[in-house]
Every structure is written in C-alpha cells, then in structure tokens.
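# Just a sequence and a predicted model for now, questions to come.
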Amino acid sequence: MDTRNVFLNACNEIATQLDGFKILEKGQRLKKTSLDKDLYFEIYFQSSFRNDSSSIQILPHINIYSKTLKKWQIEHTKNEYSQGLIFGNQIGYLTPFNNWKEWNLAGLSYEKSIIEITESIQKYILPIFEIFHSKETAIDFIKKNGTKFNQWSEDSISPLDFLLCFSEKETAEIFLNNFVNGCPYKGNILKLYEKLKTENEIDLNYSEFHGADKIKLAFVKGLKIK
C-alpha cells in the first residue's frame, strides 16, 4: 500500500472513533457543527511530502470557526480572505506532549500512533470543542480563562474578534487586559498602543509582531489597556 493510502486509512480509522463528525477530503478533514449551526469545529490531518515507506507522518490540527464572525471580520478588517477563525492549534500543544507533535504511521508504529492520536483528541480536544457548543459558555470561559483550556494550552489573543463580535465591549476589554498582563512581549504591545495614537491610518492586516493585528483591532474598537 502506498504512503498516501496508509495516511488516508489512518485518518478514517481515527474518524470512525469520533462521534458526530462529517468526513471530508477522503478523511483528511473532519467537521462538526455547533448546536446553533453557526460555529463549527475541524480536525485536520496534515501529511508530509517527505513520506516514504519508513516514515509516514501525520500531524493533527484543530480549528474553531464561526460563519457570522467571518462576515464580521471581512466588514471590520476589510480582509476578504478572513475565515471566521476563533481559535486553532496543532494538537501537540494542547496535550501532555506540550510541543509540535508528529506521529509515524509506517510499519509497526501505525497502531500505536492511531491509539495515541484518538485518545488525545477524545481526552483533550473534544472538551475544548464542547466549550464552544454554546457561545455564551465560550464567552464566559474565555473572559475568565483566556485560551488556557487545560494545563498545557497557552494564552492566545486569537478569540479577541470573537468577543468583539458576540459579547459586550467590557468583556473583550477584560480578555485583552488579562492577555496583555500575562504576555511575555507586553512591552511591545504597550509601545504599539502608544504609537497607534499618532497614526492617521491603521493597517489591520499587517502585524509587526505575532498578534499585532489583533492589538490594532482592539485599539480601533476603543478597548483600553489598563
């Protein structure tokens, strides 16, 4: 069996153990929709162009999207390529592996990798998706915890526009300040905020550093850093 078929077989074998997901792209992408039909959750299995008979890599990623947020992002950032992304990551960073994680599907590694990936998704990823089955639950969680969904998940500013779109300004401001106060590059954020006060035009689709586009959006929407 060629490497592509081994990879797709693994994707489908994992999919059969996860309830409620629609199988797309021959199993490489799994999709599930929230109760209100607006949010949807994806598990995407990345492959490698370097695969051979001794090394067939599979790298699982997750993404959470909103159809309404996609429209909001296009309107408010003028970026026609916006996808409505709320949060995404490689699952290695959301599990006890706590790192970028690749699994090998070649030979005797196949079954072990299938078990590890499936158990990681069931134990650590599905609970994150469950938080977002209700926008109210998700907003409350993010307001209090940011994106620290478990002990391995790090804080990300990614859901800021989700809060701007669906919650009160005060909630988005609390989230922003919690993020900034715990951010290792807080100084860069504060300098950017001061600089933006003198800017005539602000490019919301350019980032001087990671997450700078979100910081600019926060500024434009009148959020205060305290």
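Okay, I see it. This is a predicted model, so every value here is computed, not measured. Residues are numbered from 1 along each chain as shown.
# On the three-state scheme, the closest residue to residue 202 other than its chain neighbours is what?
Distances taken as C-beta to C-beta, 6 or more residues apart in numbering place residue 216 nearest to residue 202, at 5.4 Å, with adjacent residues excluded. For every residue, glycine as well, the C-beta is placed using N, CA and C. Following DSSP: H, G, I helix; E, B strand; the rest coil, we place residue 216 in the helix state.
# quick one: residue 216 and residue 201 touch, right?
No - at 10.9 Å, residue 216 does not count as touching residue 201 under the criterion of C-beta atoms under 8 Å.
# Have a look at these two and say which one is more surrounded.
Legend: neighbour count by other C-beta atoms under 10 Å for residue 216 and residue 201, higher for residue 216 (22 against 4).
# how close does the more buried one sit to residue 44?
28 Å (C-beta to C-beta, to the nearest Å).
# Contacts for stretch 82-97 next, please.
Stretch 82-97 has contacts (C-beta atoms under 8 Å, 6 or more residues apart in numbering) with 39, 59-74, 98-101, 117, 120-121, 123-125, 128, 132, 138, 147, 149-150, 152-154, 156, 158-159, 162.
# Can you name the helix or strand that residue 30 falls in?
Taking DSSP states H and E as the definition, one finds residue 30 inside strand 29-33.
# returning to what we had before: write the ChimeraX selection for whichever of the contacts of stretch 82-97 are buried.
Entered in ChimeraX, the line below selects the buried ones among the contacts of stretch 82-97, by 16 or more other C-beta atoms under 10 Å:
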select :39,59,60,61,62,63,64,65,66,69,70,72,73,101,117,120,121,124,125,128,132,138,147,149,153,156,158,159,162
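# Please flag which of the contacts of stretch 82-97 sit within strands.
39, 59, 60, 61, 62, 63, 64, 65, 66 (DSSP state E).
# What pLDDT is listed against the first one?
Pointing back at residue 39 there. Here, the pLDDT recorded for residue 39 equals 97.
# now do the last one
In this prediction, residue 66 carries a pLDDT score of 98.
# Now for it: which residues touch it?
Neighbour list for residue 66: 38, 39, 40, 84, 86, 162, 165 [criterion: C-beta under 8 Å, 6+ apart].
# okay, now the last one: neighbour count?
To tie it back to what came earlier, the one meant is residue 165. Residues near residue 165, counting by other C-beta under 10 Å: 21.
# Also residue 43?
Neighbour count of residue 43, defined by other C-beta under 10 Å: 24.
# tell me which element the spatially most central residue of the chain is part of?
The residue lying closest to the centre of the chain (C-alpha atoms, centre = their mean) is residue 88, at 1.1 Å. Element membership of residue 88, judged by DSSP H and E, is strand 85-90.
# What mean pLDDT does the helix or strand just after that strand get?
As assigned by DSSP H and E, the chain's next helix or strand after strand 85-90 is strand 103-104. Strand 103-104 shows a mean pLDDT of 96.
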